[in-house]
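Participant: structure for the following, please:
(chains A, B, C and D)
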2 protein chains.
Amino acid sequence: MPGKQERSENRRQRVLDAALDVFTSAGYGDTLVDEIARRSDTSKGGVYFHFPSKQALFLSLLDEASDLLLSRVERAMAAETDPLARGAVALRAVLQTFGGHRAVARLFLVEALGAGHQFNARMAALHQRFAALIKQQLDDAVAQGLIAPLDTDVASMAWFGAVNQVVMRWVLTGQPERLEDAYPALRRLLLYGVGLPAGEKV
Amino acid sequence: MPGKQERSENRRQRVLDAALDVFTSAGYGDTLVDEIARRSDTSKGGVYFHFPSKQALFLSLLDEASDLLLSRVERAMAAETDPLARGAVALRAVLQTFGGHRAVARLFLVEALGAGHQFNARMAALHQRFAALIKQQLDDAVAQGLIAPLDTDVASMAWFGAVNQVVMRWVLTGQPERLEDAYPALRRLLLYGVGLPAGEKV
DNA sequence: AAAATCCGACTGACGAGTCGGTCGGTTTGA
DNA sequence: TCAAACCGACCGACTCGTCAGTCGGATTTT
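Facilitator: Have a look, this model is predicted:
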């Protein structure tokens, strides 16, 4: 017998799970709250008991997902000190996390953009956060003389975009079979791009 | 006195122009056909006389824009023979074209994603077309021994994504002031990334 | 019993697409 | 030459399905 909080929490989580399913398969606009209710074995009223609006429900998913992603990335980076190594492990953490949660990846890369203008600010902030994380490592690397000076604004955007696109292709087409398989090629590309001489370790 | 055809063409174009405005500022979902009619100084019926549906109107814009972009890129590439040089001029052509048509850039990079799942296939095909163009140059460059062998699948995706993201930032935040200003840094990044030794010409 | 949770029929706003009608220009034919 | 007949372009009030969100009541938990 689940206690009170427990039952309620279960229900809330079931709604979130179902919402992830439906949002990622139908897109935000075409998702019906009724469908989320049906799939989570509750009712429309039940959904609205736990979430004030469809939009808030979607944002809860995004928050849940970005917490997951950022915590993993930060944990990975904490274990390294060299800026470029931190970039590399962050890259791997991203590929591993998305690689294990395709629906989450889809939510981030496809649906969030398709969810209308209300979400653009939120997404822009999230992008900004990641780009800043990358830029910081690049700036550090330049400061430490590991790489030659370069436009780290453009470079961090480009890094971010490159990873983004590789993940997106995987989400949409299933290639490569395992997302992590793209790691070596991507790491090489990014590090070389930033001026690291060919044949370096890290 | 404008003939009937002429007047009709004018009207049709006015609708397209207004549609570009409204779609790019409100997003697909939040765009009202009534608003397009209002801004093009016509009526809802007038819009529907020229286009069978809101969706078809949007697709017409996309087609118009992709024709513009691809023709410029192809023209630029035709003037070069070296694969990496072709990549570089293609990059510049993209930056110049989008740089001069911010609304079009927004249409491609933001609104098309927000336009719902009906458009995903269309957009995926377009992305595919560009990625294939890039991959071809990279494969040629490898075949000609200009660069060391690499995973050109991942590399072309990464290139594409990198450019995409730089353009998107410009669309959303206005940085850099002139999109073309990102060209040198981006070119360097992409060419180095692909293994071209630092300090090469092209 | 009281409170928390859940149900689902219902409402109201909304907006894409329709359709009967208008209007200016063009063709016909007397 | 000049209507009468015609036609394509255009208009905008209206229809009609859709769906997020509500609410009064039922059910479950404490």
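
Participant: low-confidence ranges in chain A?
Facilitator: Residue ranges of chain A with pLDDT under 70: A:1-8, A:197-202.

Participant: residue of it closest to DNA strand C, please.
Facilitator: Of all residues in chain A, the one sitting closest to DNA strand C is residue A:45 (2.1 Å; Cβ to the nearest atom of the strand). Heads up, the C-betas are built off the backbone N, CA and C, glycines and all.

Participant: burial measure for that residue, as a count.
Facilitator: Neighbourhood size, residue A:45 [other Cβ atoms under 10 Å in any protein chain shown]: 8.

Participant: helix or strand: which one has it?
Facilitator: Taking DSSP states H and E as the criterion, residue A:45 maps to helix A:44-50.

Participant: downstream of that helix, the next helix or strand is which one?
Facilitator: According to DSSP H and E, the helix or strand after helix A:44-50 is helix A:54-78.

Participant: could you point out which element follows that following helix?
Facilitator: Counting by DSSP H and E, the element after helix A:54-78 in chain order, helix or strand, is helix A:83-100.

Participant: about what we covered before: from DNA strand D, how far out is the residue of chain A closest to DNA strand C?
Facilitator: According to Cβ to the nearest atom of the strand, to the nearest Å, residue A:45 and DNA strand D sit 4 Å apart.

Participant: likewise residue A:56?
Facilitator: Distance from residue A:56 to DNA strand D, by Cβ to the nearest atom of the strand: 8 Å.

Participant: tell me, how many residues neighbour that residue?
Facilitator: Neighbours of residue A:56 (other Cβ under 10 Å): 11.

Participant: residue A:181 now?
Facilitator: Residues near residue A:181, counting by other Cβ under 10 Å, number 16.

Participant: so residue A:160 is in which element?
Facilitator: Counting by DSSP H and E, residue A:160 is found in helix A:152-173.

Participant: about what we covered before: so who does the residue of chain A closest to DNA strand C touch?
Facilitator: By Cβ atoms under 8 Å, 6 or more residues apart in numbering or on different chains, residue A:45 lies in contact with nothing.

Participant: can you check the one 3 residues further on too?
Facilitator: Residue A:48 makes contacts with residue A:33, as judged by Cβ under 8 Å, 6+ apart.

Participant: chain center to the helix holding residue A:160: distance?
Facilitator: When distances are taken as Cα atoms, centre = their mean, to the nearest Å, helix A:152-173 is centred 11 Å away from the chain's centroid.

Participant: tilt between that helix and helix A:83-100?
Facilitator: 20 degrees (axes from the mean of the first three to the mean of the last three Cα atoms, to 10 degrees).

Participant: mind checking what secondary structure the spatially closest residue to residue A:107 that is not a sequence neighbour has?
Facilitator: Computed as Cβ to Cβ, 6 or more residues apart in numbering or on different chains, the closest residue to residue A:107 that is not its neighbour in sequence is residue A:24, at 5.6 Å. Secondary structure state of residue A:24, per DSSP: H, G, I helix; E, B strand; the rest coil, is helix.

Participant: run through the residues that contact residue A:24.
Facilitator: The neighbours of residue A:24, taking Cβ under 8 Å, 6+ apart as the test, are A:103, A:106, A:107, A:110, A:111.

Participant: now that we have the residues you listed, which of them are buried?
Facilitator: Buried members of the contacts of residue A:24, scored by 16 or more other Cβ atoms under 10 Å in any protein chain shown, are A:103, A:106, A:107, A:110, A:111.

Participant: CA atoms only: put stretch A:49-66 into CSV for me.
Facilitator: Taking C-alpha atoms only, stretch A:49-66 is exported to CSV below (Å, rounded to 0.1, in the frame of the first residue of the first chain):
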residue,chain,number,x,y,z
PHE,A,49,-4.1,18.5,-10.3
HIS,A,50,-0.4,18.0,-10.6
PHE,A,51,0.5,20.6,-13.3
PRO,A,52,-1.1,24.0,-13.7
SER,A,53,-0.9,23.9,-17.5
LYS,A,54,0.3,22.0,-20.5
GLN,A,55,3.1,24.4,-20.8
ALA,A,56,4.3,24.0,-17.2
LEU,A,57,4.2,20.2,-17.7
PHE,A,58,6.5,20.5,-20.7
LEU,A,59,8.8,22.8,-18.8
SER,A,60,9.0,20.4,-16.0
LEU,A,61,10.2,17.8,-18.4
LEU,A,62,12.8,20.2,-19.7
ASP,A,63,14.0,21.0,-16.3
GLU,A,64,14.2,17.4,-15.2
ALA,A,65,16.2,16.6,-18.4
SER,A,66,18.6,19.6,-18.1
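
Participant: and chain B, is that stretch touching that?
Facilitator: No - if you take Cβ under 8 Å from any Cβ of the partner chain as the test, stretch A:49-66 misses chain B, and the best it gets is 12.8 Å.

Participant: buried ones in that stretch?
Facilitator: Here stretch A:49-66 shows A:50, A:51, A:54, A:57, A:58, A:59, A:60, A:61, A:62, A:65, A:66 as buried, counting by 16+ other Cβ under 10 Å.

Participant: hmm, who's touching it?
Facilitator: Outside stretch A:49-66, the residues touching it (Cβ under 8 Å, 6+ apart) are A:8, A:11-12, A:15-16, A:19-20, A:23, A:28, A:31, A:33, A:36, A:47, A:101, A:104, A:107-108, A:112, A:115, A:118-119, A:122, A:126.
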